[in-house]
Every structure is written in C-alpha cells, then in structure tokens.
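# show me the folded form of this:
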Amino acid sequence: MKSLETFLSENTEGNLLPWKTHKVAMKEFGLSCGQVEEAALTLNILPARYLRNQKTITTLQQLKLFRSSVAVIGCGGLGGYIIEELARLGVGTVRAVDPDVFEEHNLNRQVLCTMSDLGKPKAKVAKKRVKTVNPAITIVPCVTHFSSQNGTELLKGVDVAVDALDTIETRIDLAECCESLKIPMVHGTIGGWYGQVTTQLPGDGTVQMIYRNCREGSGVEKMLGNPAFTPAVVAGLQVAEVCKLLLG
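Next up is the predicted model:
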C-alpha cells in the first residue's frame with residue numbers, strides 16, 4: 001500500500017490538493033480532514049481551498065497558520081465574523097468563548113445567527129458553522145463567561161487572543177490576563193457607524209490605558225446600536241492583525 005505522502009504527491013493538480021482527493025485520502029488512510037491537510041502542507045502541497053490566499057500567503061506560511069491557535073472571546077457581532085474569517089484563512093485551532101445564546105435581535109448583524117439557531121449557544125453554533133466551511137479546522141467551543149478567574153485556563157496554549165467582547169470590565173480582564181501570559185491581543189470594539197482596532201503586545205498595556213477612566217462603564221454600542229456593516233468591517237481588520245501576528 002502506498003504511503004500517504006506518496007498518494008498525495010501523485011494525486012495533485014498543479015501542486016494543489018483538490019477536495020475530492022482530500023476526501024479519498026481521509027477514507028483510505030483513516031485520517032481526519034486536518035491530519036490530511038497538515039500532511040499536504042508539509043509536502044508543500046496546497047489544499048485547493050487556499051488557492052486565492054497564495055499570492056499573499058505562501059504554502060509554508062499556510063502551514064504555520066494551520067499549526068496556530070487563536071482564542072476568540074465573544075462569538076456575537078464581531079466574534080462571528082472573526083471566527084468565520086479565521087476558518088476560511090486556515091487557522092488550525094480556534095477556541096470560541098461565549099456564555100450566551102442567540103436571540104432575535106442578533107439577526108441584524110451576527111453572521112452565525114440564523115432563525116433556526118435562535119436559543120442555541122453561540123459557541124456551539126460556531127463549531128457547527130465552521131464544519132460546513134472548513135472541516136480541517138478545529139473549533140473548541142467554551143460556553144462560559146471569560147473572567148480573571150478562568151482566563152488562564154481559557155487562554156492556555158493559544159498564540160493570539162482576540163477581543164470580541166461587549167463590556168469594558170471583561171475586556172480589561174482579558175487584556176490583563178494576556179499581559180500576564182505574554183500573549184498578544186487584538187482589541188476591537190464597535191458602536192453605530194464607528195469602530196476601533198488596536199493590537200496589544202505583551203508589556204504594552206494599551207487597552208488598560210484606553211479604558212483607564214471607564215472600567216465600570218458599558219460599551220458605546222449600548223447608545224449607538226450596531227448596524228450590520230460595522231462588525232463586518234472591524235472584524236476583518238482584527239483578522240488581518242491576527243494574521244500578521246501569527247506570521248511574524
């Protein structure tokens with residue numbers, strides 16, 4: 001019987017691994033989708049799903065993304081888009097943290113929210129969604145509040161944390177936990193027509209400085225609302241920052 005490496009090398013199409021061959025390899029060798037993807041990337045073979053990444057991201061960098069882990073804290077307006085884009089980009093493991101379930105008012109802007117998913121935990125819906133988009137990616141759903149008490153456990157082993165929260169106090173807890181663990185954090189927030197993004201590297205204390213006078217306050221979105229387009233724009237910028245961090 002041929003080895004997986006030989007099978008993959010002999011069944012590429014212009015150095016691309018098409019999905020039909022990917023599926024055959026999974027069945028023939030008893031491997032998961034992710035295991036086949038990693039083997040292909042190690043051989044400098046690009047899964048065809050990433051073809052349009054290639055002029056920006058090399059195959060070697062694609063392997064680096066696949067071997068990376070990102071925690072997304074919040075799976076709502078920002079978090080849903082972030083998780084979706086990380087999966088399509090090819091980030092191998094995404095930890096999705098959110099205690100809430102989808103409600104009807106989420107339908108205007110939260111890409112993971114559908115009528116059929118109302119009342120379901122956002123983190124678990126994220127896992128279901130990503131499976132339909134990129135089954136090579138591992139989503140770890142955590143249906144829990146992020147706090148200073150559980151933060152170290154929730155961020156264990158991740159390369160980057162992404163702030164998709166909607167309360168200032170929890171955002172500062174996340175920033176302080178990232179500081180203590182020396183994990184870079186990509187902060188984003190939205191409200192009405194407005195949004196902001198910043199990347200906090202270990203030792204910067206950026207988010208703590210931004211919110212130093214309003215720790216107990218709620219986000220500006222409580223006053224301005226959130227239309228559909230604002231989270232999409234800001235989440236895209238956050239994912240670009242994550243990609244830069246992961247690729248150095």
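
# what's in contact with the helix or strand bottoming out on mean pLDDT in the chain?
Sorting the helices and strands of the chain by mean pLDDT, DSSP states H and E puts helix 221-224 at the bottom, at a mean of 76. Outside helix 221-224, the residues within contact range by C-beta atoms under 8 Å, 6 or more residues apart in numbering are 166, 189-194. (Glycine included, C-beta is placed from N, CA and C.)

# let's see it at 6 Å
The contact list for helix 221-224 (C-beta atoms under 6 Å, 6 or more residues apart in numbering) reads 191-192.

# do stretch 227-241 as well
Against stretch 227-241 from outside (C-beta under 6 Å, 6+ apart): 77-78, 81-82, 85, 108-109, 162, 186, 188, 190, 195, 197, 199.

# which strand or helix spans Val207?
Using DSSP states H and E, Val207 falls within helix 206-210.

# do the same with Lys124
helix 122-133.

# would you mind checking the contacts of stretch 227-241 for buried ones?
77-78, 81-82, 85, 109, 162, 186, 188, 190, 195, 197, 199 (16 or more other C-beta atoms under 10 Å).

# residue boundaries of the strands in this protein?
16-17, 46-47, 69-73, 93-97, 138-142, 160-163, 185-191, 194-200 (DSSP state E).

# the second one pairs with which strands, and in what direction?
Just to be clear, that refers to strand 46-47. strand 16-17 (parallel) (DSSP bridges).

# what's the neighbour count on Ala228?
Close neighbours of Ala228, defined as other C-beta atoms under 10 Å, add up to 12.

# and the one 5 residues further on, by the same measure?
The tally of other residues near Val233 (other C-beta under 10 Å) stands at 14.

# same deal with Pro202?
Pro202, neighbours per other C-beta under 10 Å, totals 13.

# now the helix holding Lys124: average pLDDT?
Averaged across helix 122-133, the pLDDT comes to 97.

# list the contacts of the most centrally placed residue in the chain.
Nearest to the mean C-alpha position of the chain, counting by C-alpha atoms, centre = their mean, stands Ile83 at 3.7 Å. When contacts are counted by C-beta under 6 Å, 6+ apart, Ile83 touches 72, 94, 96, 126.
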